[in-house]
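**Q** Structure here, sequence nowhere to be found:
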């Protein structure tokens, strides 16, 4: 497993943008697919975006498709999530996660991830 430490988030106005970062410790980061999830109050955790070890394969939830980008810098052991045109319904705790599946397998299931960041609150004001 890897340890994941997140940064970014906070209070953003509707229509604004943000970047979330997730730094991993451990030498296996570059071999892992990574994902971002979010959980809004009273709702289950949901998949936001994921990418393969090289970044060549990406997958986005419909709710953010077209206005978000997931990327990674393996030299920096970091994965990013950029979200634009934020909406109040994007308000949630966002968490990065490292996959326990194959490095090219970008899963939408929380059960396929075995290392999680601490979570960061994103609040979008209307």
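**A** It's in. Keep in mind that this is a model prediction, so the values were computed, not measured.
**Q** List the buried residues of stretch 67-87.
**A** 68-70, 72, 77-83, 86 (16 or more other Cβ atoms under 10 Å). Quick note: C-beta positions are derived from backbone N, CA and C, even for glycine.
**Q** got the end-to-end distance for that stretch?
**A** This stretch, stretch 67-87, spans 11 Å end to end (Cα to Cα, to the nearest Å).
**Q** With stretch 13-29 instead?
**A** Across stretch 13-29, first to last residue, Cα to Cα, it's 33 Å.
**Q** can you pull the buried residues of that stretch?
**A** 18, 20-24, 29.
**Q** Within the helices and strands, which one has the residue nearest the centre of the chain?
**A** In the chain, the centroid-proximal residue (Cα atoms, centre = their mean) is residue 36; its distance is 2.1 Å. Element membership for residue 36 (DSSP states H and E) is strand 34-39.
**Q** right, and the pair among the buried residues of stretch 67-87 with maximum separation?
**A** 77 and 86 (26.5 Å; Cβ to Cβ).
**Q** what pairs with the strand holding residue 36, and is each one parallel or antiparallel?
**A** Strand pairing for strand 34-39, using DSSP bridges, gives strand 46-51 (antiparallel), strand 92-99 (antiparallel).
**Q** closest to residue 106 out of the ones you listed?
**A** strand 46-51 (4.1 Å).
**Q** continuing past the closest one, what's the next helix or strand?
**A** strand 58-60.
**Q** What residues of that following strand count as buried?
**A** 59-60.
**Q** what is the mean pLDDT for the next helix or strand after that strand?
**A** Downstream of strand 58-60, the next assigned helix or strand under DSSP H and E is strand 68-73. Taken as a whole, strand 68-73 has a mean pLDDT of 98.
**Q** Tell me the strands beside strand 68-73, with direction?
**A** Strand 68-73 has these strand partners (DSSP bridges): strand 78-83 (antiparallel).
**Q** what's around the closest residue to residue 114 other than its chain neighbours, how many residues?
**A** Nearest non-adjacent residue to residue 114, counting by Cβ to Cβ, 6 or more residues apart in numbering: residue 100, 4.1 Å away. Residues within reach of residue 100, counting by other Cβ atoms under 10 Å, total 15.
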